[in-house]
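Novice: Coordinates for the following, if possible.
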Amino acid sequence: MQLSLAHAEESVQNVSLNQDVTAKRFNIELQPMSALSGIYSFVASAAVGERVLIGVQAEQIRSSWLLEKYDGYSVGINSTFYLSSSRFKSGWVLTPSVGYASFKVHDSPLFWFGDYTPQGWDGNFHSMYLGAVMGYQWAFESGLNFSLGSGLTYYTLNKSQTLNSSDLGPVDIHVTFGGLNVAFLGNVGFAF
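Specialist: Next up is the predicted model:
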């Protein structure tokens with residue numbers, strides 16, 4: 001009788017641990033570090049297995065870098081693979097993503113033509129992207145979680161572009177902003 005009672009208590013503890021993992025099925029994340037630079041990111045994910053989340057991500061871009069101004073958005077799909085633990089537990093994560101970005105660049109001194117840089121121009125750019133980030137996620141029973149990591153993202157932007165300048169009119173150039181870029185993971189999330 002004593003042995004079966006201890007076995008029953010152990011089974012109840014195992015069931016409650018398993019229920020704890022499967023009880024949380026959704027995660028919402030923000031990237032506060034990128035918000036400091038004018039890129040506002042949001043990710044909403046749902047569990048599709050004990051170690052996998054699938055989600056949608058969206059970014060609004062209202063940023064300045066050097067003397068350039070960027071306005072735009074990106075939308076995509078990402079997944080989170082929990083490599084060293086089950087979902088919403090602390091451990092290593094791999095987060096691949098794919099999506100589309102569209103943005104406008106204003107008044108860049110980086111585009112110049114001979115000895116003359118046009119003023120007051122706007123350029124619209126569109127790109128697909130594919131990337132992956134590896135990092136570590138700290139997760140708490142309350143649902144609060146933090147992720148830090150880095151990786152690479154490939155952008156397809158490599159095309160001819162007509163810029164509309166207020167003093168030169170339309171100017172055709174070839175733009176190559178595509179290729180591999182370093183990507184960072186710095187998310188704050190809440191699982192429920």
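Novice: quick one: the strands in this protein?
Specialist: Applying DSSP state E to the chain gives strands spanning 26-30, 39-47, 52-65, 68-82, 91-106, 122-139, 144-155, 159-165, 169-175, 179-191.
Novice: Can you list the helices and strands that the first one packs against?
Specialist: Helices and strands touching strand 26-30, as assessed by 3 or more Cβ pairs under 8 Å, 6 or more residues apart in numbering; DSSP states H and E, comprise strand 39-47, strand 144-155, strand 179-191. Backbone N, C-alpha and C define where each C-beta goes, glycine included.
Novice: follow-up on the earlier one: let me have the strands of the chain in a markdown table, extended by mean pLDDT and mean neighbour count.
Specialist: Formatted as a markdown table, the strands of the chain follow (pLDDT from 0 to 100; neighbours: other Cβ atoms under 10 Å):
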| stretch | mean pLDDT | mean neighbour count |
| --- | --- | --- |
| strand 26-30 | 97 | 19 |
| strand 39-47 | 95 | 18 |
| strand 52-65 | 90 | 16 |
| strand 68-82 | 91 | 17 |
| strand 91-106 | 91 | 18 |
| strand 122-139 | 90 | 18 |
| strand 144-155 | 96 | 16 |
| strand 159-165 | 61 | 14 |
| strand 169-175 | 61 | 11 |
| strand 179-191 | 92 | 16 |
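Novice: quick one: contacts for residue 45?
Specialist: Contacts for residue 45 were tallied using Cβ atoms under 8 Å, 6 or more residues apart in numbering; they are 26, 27, 28, 29, 53, 54, 55, 78, 80.
Novice: partners of it in the sheet?
Specialist: residue 27, residue 55 (DSSP bridges).
Novice: do the same with residue 183
Specialist: Note on residue 183: beta-bridge partners residue 151, judged by DSSP bridges.
Novice: do the same with residue 188
Specialist: With DSSP bridges as the criterion, residue 188 is bridged to residue 30, residue 146.
Novice: ok so, going back, please identify which of the helices and strands packed on strand 26-30 is closest to residue 85.
Specialist: Of all the helices and strands packed on strand 26-30, it is strand 144-155 that lies closest to residue 85, at 11.7 Å by Cβ to Cβ.
Novice: Remind me what that closest one packs against, helices and strands.
Specialist: If you count contacts as 3+ Cβ pairs under 8 Å, 6+ apart, strand 144-155 packs onto strand 26-30, strand 91-106, strand 122-139, strand 179-191.
Novice: Residue 178 is in contact with residue 129, isn't it?
Specialist: No: using Cβ atoms under 8 Å, residue 178 is not in contact with residue 129, being 9.2 Å away.
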